[in-house]
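Participant: 3D model of this:
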Amino acid sequence: MFREMRRNKQQLSRAECEEILRRAASGVLAVSGDGGYPYAVPLSYVYEDGKLWFHCALSGHKLDAIRRDSRVSFCVVDQDQVVPAAYTTYFRSVILFGRARILEDHEEKLAALEKLAERYAPGDLEGRMIEIEKSFSRTCMVEITVEHMTGKAAIELVQAK
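Facilitator: You can find the predicted model right below:
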């Protein structure tokens, strides 16, 4: 169902892809939007063990699209160094495909929100719990289960390993 990478010498391993997902601060979620148009939106997220979570408002374009079709893709650009003299960029990126699920269970939603908060405010348990309690009722958490993931790097970065 998923295509193999054409330039497979540039393909990153699953471990390298997961490291990039853990390291990057944001990514771009793509869904099937209104009227059949793609809708891609940057967002903060947390990744762990083949799952990715993000938060959003209780209503909006993302959620409407996910309710219509749970298939999504998510992309993270880890590096993008422009090299003018070579007319290229030294890039490294990951794209994943999966199914999105809106978390309805209180405990599941809380656990995901805690993971997200820990990622962006590590060590601040007290402040994190205050913020979670304050915003919990107006926050939606979405989980993406990864079905396929690939990463790719510029050939110059692969050769430099």
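
Participant: From here on, just use CA atoms for contacts and neighbour counts.
Facilitator: Fine.

Participant: Mind checking what secondary structure the closest residue to L12 other than its chain neighbours has?
Facilitator: Using Cα to Cα, 6 or more residues apart in numbering and skipping residues adjacent in sequence, the residue nearest L12 is G151, 4.8 Å away. Under DSSP: H, G, I helix; E, B strand; the rest coil, G151 falls in the strand class.

Participant: Quickly list what G151 is bridged to.
Facilitator: Going by DSSP bridges, G151 is paired in beta bridges with V94.

Participant: burial measure for it, as a count.
Facilitator: Using other Cα atoms under 10 Å, G151 has 24 neighbouring residues.

Participant: who's in contact with it?
Facilitator: By Cα atoms under 8 Å, 6 or more residues apart in numbering, the contact set of G151 is Q11, L12, S13, R14, E16, C17, R92, S93, V94, I95.

Participant: what's the helix or strand hosting the fifth one packed up against?
Facilitator: Translated: E16. E16 belongs to helix 14-23 when assigned by DSSP states H and E. Under the contact definition 3 or more Cα pairs under 8 Å, 6 or more residues apart in numbering; DSSP states H and E, helix 14-23 sits against strand 46-48, strand 71-83, strand 88-102, strand 140-153.
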